[in-house]
Every structure is written in C-alpha cells, then in structure tokens.
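Novice: Need coordinates for the below:
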Amino acid sequence: LEPELYDFVESFENGTLMFSFWIKGTNLEDGAKFRIEVKDFCGNSVTKEYTFYKDKGLVPVEVTPTPSPSPTPSPTPSPTPTPTSSPSPTPSPTPSPSPTPAPAAPPTTMYAAVAVVLIIVIAAVLIILRRK
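Specialist: Numbers count the residues shown, from 1 in each chain. Here you go, the predicted model:
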C-alpha cells in the first residue's frame, strides 16, 4: 500500500528526515498497534512498536501506559456433604474461565502500518543517499 500523498517536512542535523503522509480510506481506532521495521541496503534494521491514538497519532509503546490486570479470585470449592442414607449428587467443579483472545486487527490497520513502513523506508533511503 502506498500513501496517497506525502510531503517532506523537515531535515534534522543528525540526518533524520521527517515526512508527513496520508492514507485514503483508512479508519483507525484508538489503540491500534503498529510494528515498524526500517531496513537499509546493508541489511541493518531497527524495529519499533507504536500505538495509534486519534488525538496524539503514533506513540512509542515505551511511553504508553499499560493497565495492570486485577487479580481474579479463584473459586473456592464447597465442602462435600457427608453421605446420609440416600445418596446425594456430588457437585461438579466449576470450570475456570479461559482468557478470551484479543480480536484480530482490522485490515485497514495493517494497510496503515504498511504505509508507515514504506514512508520510513523512503526516508532511510534518502538519508543513505544524502550521506554519500
């Protein structure tokens, strides 16, 4: 997926280039995860993870607050009643709930991530060409 439009924004003294880009028809929701990998022609790569927020854009995962899970109380078994003259049914153990897997990311999230990677690769190529 290629961006519909991108513009050069700024060049920094350390050789970093900043681009702004737009992707047509992509609806991202808060919390969408991105893993961006940038590779140069020598095979060196850097991978970083980001979370998308509508009000902030892409935020590195290192600074994203993660809620700590609250401990789930385990069910305590009830004592088995002592047998009397008539047999009583033994209660069956209550199964513990299994964790629900997280929903898969919508395809638009994947397309946006691919576009971000493409822009970063273009920036990396321009940095390499500029240094030569």
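Novice: okay, now residue 125: neighbour count?
Specialist: The criterion is other C-beta atoms under 10 Å. On that basis, residue 125 has 15 neighbouring residues. To be clear about C-beta, it is placed using only N, CA and C from the backbone, and glycine gets the same treatment.
Novice: Tell me the spacing between it and residue 116.
Specialist: With distances taken as C-beta to C-beta, to the nearest Å, residue 125 is found 15 Å from residue 116.
Novice: Same question for residue 30.
Specialist: In this view, residue 30 and residue 116 are 17 Å apart by C-beta to C-beta.
Novice: Residue 61 now?
Specialist: Using C-beta to C-beta, residue 61 is found at 14 Å from residue 116.
Novice: May I have the secondary structure class of residue 14?
Specialist: Under DSSP: H, G, I helix; E, B strand; the rest coil, the three-state class of residue 14 is coil.
Novice: Neighbours of it, how many?
Specialist: Neighbourhood size, residue 14 [other C-beta under 10 Å]: 6.
Novice: For it, grab phi and psi.
Specialist: Main-chain torsions, residue 14, degrees, to the nearest 10: phi -80, psi 0.
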